[in-house]
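Chemist: Please find the sequence and the predicted model below.
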Amino acid sequence: MRTKAPPDQLEKFGRFAGPATLILSSLADGSKHGWALTKDIEEFAGIRLAPGTLYEALNRLEGLGLIEGMPSEDRRRPYRLTSAGAVALADHLAAQRRIVNVGLRRLRTSGGTA
Amino acid sequence: MSSPTGRAERLVRWYPAAWRMRYAEEFVELLAADIAERPVSWRRTIDIARNGLAARLGRGGLVHGLEPGRRAQASMASLASASSVFLIVGLAMWSQLAIGWQWSRPATQGTAVAVVLMTYLVLAFGLWALLAAAPYAWACARRLLRGEAKGILFPLFLLGLAAAGMVIGARHFATGWPGTGGHPWVHQHLVPGSLAAPAWASTLSITSYWAHPGALLGFPATEVAWMAASPAALVCFIVAAAQLIRRVELSPRTLRFELAVARLGCVAMIGFVVAPCLWILGGGAGPRNLFHIGAIDLVDLGVMGAMLIVACSSSRQVRAAVAHLCD
């Protein structure tokens, strides 16, 4: 059964909302440790998350139960998405998509000029 | 240049111990890989400095960082510490102004309003402190009666010892308060000397005399010893109180009460910052230089402003934690 997450779960992250979205999106296709997350996000988003920002976002996501740490592998701990995390990511991306759709539609209507 | 792992281990030391316990090993691995790929990066250093500081502030309950229950306790402890420092510095300033008032009424409206406002706010702070401390005193008493004293016994002992030291010392040195013996025709009774004298004695250490060792040599040796020792007692009192607050769990309902009290306290603190501004901006040295504005007063005002910011920030964190606990 799909559990309902608060719609603004990631909005509460303040300046970490962006990094949190990128991390959850990266973990959506499987567990990854810190360095693998950095490289994956750099590849699909063109953004290199600085180590301190990455771990502060991981700390907050873990605190809210949106991700969980797995047993450590050679001093590297992989993280995976929880079901609550998947719901929060889906809700957040759906909200973002609504904004993107409105923006694109209005741009098309106005012919791309203000 | 040292190895990436060595550099990473040094950078991680900036984070608080509790954070390192949880993340240090994996974070060092990530940092070492990052350093190996990009040996020099100011962005990375600033990022670690910024987030390490945020982790430290989070442990103190000043920003997000702990689970709601512990966050409420940590934020309350920070709030209590900041309020205590504010009150100590404020009492030092007020008791000095009270000395002037005992000898002569201020010449300007700004100074008069400032002293009267501060006097009422000192009385309000006393009541506020009692209201804030009552639930913690009750919770400590219940734990002691249940035989669950572990974790609170030492802070209670330290708190009692520091309070006893301050009361005995303040009572002894209050007899030397320079505010006694004012001119019989002036309004010396507007400011309660019985309150200002111990406040002055408790905060004797907050003085510009430290910058003038020659003048200090003319003081009685016991008074100088008290000026040097009393800050230690005040620090012990604040540390012990903060430890107790961190270790005593209150129900969400009681925390809501504490939050309401904290908000009142923040409002009173704002008033207490505004009052000296009236004196500094609209006052002046006054008759016989009794209300002289010195560098120490500006430093005091700066400290009070900083403590007010910390208290308000802590109060916001308590509110967020209480809201989460009550959900």
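Modeler: Looks like it arrived, so ask away.

Chemist: Tell me where the model's unsure across the chain.
Modeler: All of this refers to chain A. Applying pLDDT under 70 to chain A picks out residues A:1-9, A:11-12, A:14, A:112-114.

Chemist: meant chain B, my bad for not saying
Modeler: For chain B, the stretches with pLDDT under 70 are B:1, B:61-67, B:179-191, B:283-288, B:327.

Chemist: and it, which residues reach chain A?
Modeler: When proximity is defined as C-beta under 8 Å from any C-beta of the partner chain, chain B approaches chain A at B:19, B:23, B:25-31, B:33-34, B:43-44, B:47-52, B:54-55, B:64-65, B:67. C-betas here are computed from N, CA, C, even on glycine.

Chemist: could you redo the last one with a cut-off of 6 Å?
Modeler: B:23, B:25-27, B:29-31, B:33-34, B:44, B:47-48, B:51 (C-beta under 6 Å from any C-beta of the partner chain).

Chemist: Any of those residues buried? List them.
Modeler: Buried members of these, scored by 16 or more other C-beta atoms under 10 Å in any protein chain shown, are B:Tyr23, B:Glu26, B:Phe27, B:Glu29, B:Leu30, B:Leu31, B:Ala33, B:Asp34, B:Arg44, B:Asp47, B:Ile48, B:Asn51.

Chemist: Rebuild those residues as CSV, extending it with distance to A:Arg105 and secondary structure.
Modeler: Formatted as CSV, these follow (distance: C-beta to C-beta, whole Å; DSSP: H, G, I helix; E, B strand; the rest coil):
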residue, distance to A:Arg105, secondary structure
B:Tyr23, 43, helix
B:Glu26, 44, helix
B:Phe27, 43, helix
B:Glu29, 46, helix
B:Leu30, 41, helix
B:Leu31, 44, helix
B:Ala33, 43, helix
B:Asp34, 41, helix
B:Arg44, 40, helix
B:Asp47, 37, helix
B:Ile48, 42, helix
B:Asn51, 38, helix
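
Chemist: Quickly list the domain ranges of chain B.
Modeler: With domains defined by automatic domain parsing, chain B comprises B:4-59, B:69-326.

Chemist: Would you mind giving these as TSV with distance to A:Ala28 added?
Modeler: Shown next, in TSV, are these (distance: least, C-beta to C-beta, whole Å):
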stretch	distance to A:Ala28
domain B:4-59	20
domain B:69-326	26
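
Chemist: related to what we said a few turns ago, for the buried ones among the residues of chain B next to chain A, which one is nearest A:Phe16?
Modeler: Here the nearest of those to A:Phe16, counting by C-beta to C-beta, is B:Asn51; it sits at 9.9 Å.

Chemist: name the element the nearest residue to the closest one once chain neighbours are set aside belongs to?
Modeler: Excluding its sequence neighbours, the residue lying closest to B:Asn51 (C-beta to C-beta, 6 or more residues apart in numbering or on different chains) is A:Gly52, at 3.4 Å. Using DSSP states H and E, A:Gly52 falls within helix A:51-63.

Chemist: packing partners for that helix?
Modeler: If contacts are counted by 3 or more C-beta pairs under 6 Å, 6 or more residues apart in numbering or on different chains; DSSP states H and E, helix A:51-63 sits against helix A:17-27, helix B:17-37, helix B:42-59.

Chemist: which is the next helix or strand following the first one?
Modeler: Using DSSP H and E, the helix or strand that follows helix A:17-27 towards the C-terminus is helix A:34-45.

Chemist: Report the buried residues of that following helix.
Modeler: For helix A:34-45, by 16+ other C-beta under 10 Å, it's A:Gly34, A:Trp35, A:Ala36, A:Leu37, A:Thr38, A:Asp40, A:Ile41.

Chemist: For chain B, tell me which of those residues show up nearby.
Modeler: When contact is defined as C-beta under 6 Å from any C-beta, the buried residues of helix A:34-45 meet chain B at A:Gly34, A:Trp35.

Chemist: out of the buried residues of helix A:34-45, who's nearest chain B?
Modeler: A:Gly34 (3.7 Å; C-beta to the nearest C-beta).

Chemist: The residue of the stretch 101-250 of chain B found nearest chain A and B:Val318: what is the separation?
Modeler: Residue of the stretch 101-250 of chain B nearest chain A, by C-beta to the nearest C-beta: B:Arg246 (18.6 Å). Going from B:Arg246 to B:Val318 by C-beta to C-beta, to the nearest Å gives 13 Å.

Chemist: of these two, who's got more company?
Modeler: Taking B:Arg246 and B:Val318 together and counting by other C-beta atoms under 10 Å in any protein chain shown, B:Val318 has the greater number of neighbours (25 against 19).

Chemist: Give me the buried stretch members for the lengthiest helix in chain A, please.
Modeler: Longest helix in chain A by number of residues (criterion: DSSP state H): helix A:83-110. By neighbour count with 16+ other C-beta under 10 Å, helix A:83-110 contains the buried residues A:Ala84, A:Gly85, A:Ala86, A:Val87, A:Ala88, A:Leu89, A:Asp91, A:His92, A:Leu93.

Chemist: TSV for the residues you listed, including distance to A:Arg48?
Modeler: TSV is the format used below for the buried residues of helix A:83-110 (distance: C-beta to C-beta, whole Å):
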residue	distance to A:Arg48
A:Ala84	27
A:Gly85	22
A:Ala86	25
A:Val87	28
A:Ala88	24
A:Leu89	21
A:Asp91	27
A:His92	22
A:Leu93	21
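
Chemist: so who does the residue minimising distance to the centre of chain A touch?
Modeler: In chain A, the centroid-proximal residue (C-alpha atoms, centre = their mean) is A:Thr21; its distance is 1.9 Å. Taking C-beta atoms under 6 Å, 6 or more residues apart in numbering or on different chains, we find A:Thr21 in contact with A:Leu10.

Chemist: again, 8 Å this time
Modeler: Neighbouring residues of A:Thr21 by C-beta atoms under 8 Å, 6 or more residues apart in numbering or on different chains: A:Leu10, A:Leu89, A:His92, A:Leu93, A:Gln96.

Chemist: Setting the sequence-adjacent residues aside, check what's closest to the last one.
Modeler: In this structure, A:Gln96 finds its nearest non-sequential neighbour in A:Thr21, 8.0 Å apart by C-beta to C-beta, 6+ apart.

Chemist: so where do the helices sit in chain B?
Modeler: Assigned by DSSP H, chain B shows helices spanning B:4-12, B:17-37, B:42-59, B:68-103, B:109-145, B:153-174, B:193-202, B:213-217, B:221-247, B:252-282, B:295-326.

Chemist: out of the ones you listed, which comes closest to A:Ile47?
Modeler: In this view, the helices of chain B are compared for proximity to A:Ile47 by C-beta to C-beta, and helix B:42-59 is the closest at 12.4 Å.

Chemist: how distant is the closest one from the center of its chain?
Modeler: Mean C-alpha position of helix B:42-59 versus that of the full chain (C-alpha atoms, centre = their mean, to the nearest Å) differs by 24 Å.
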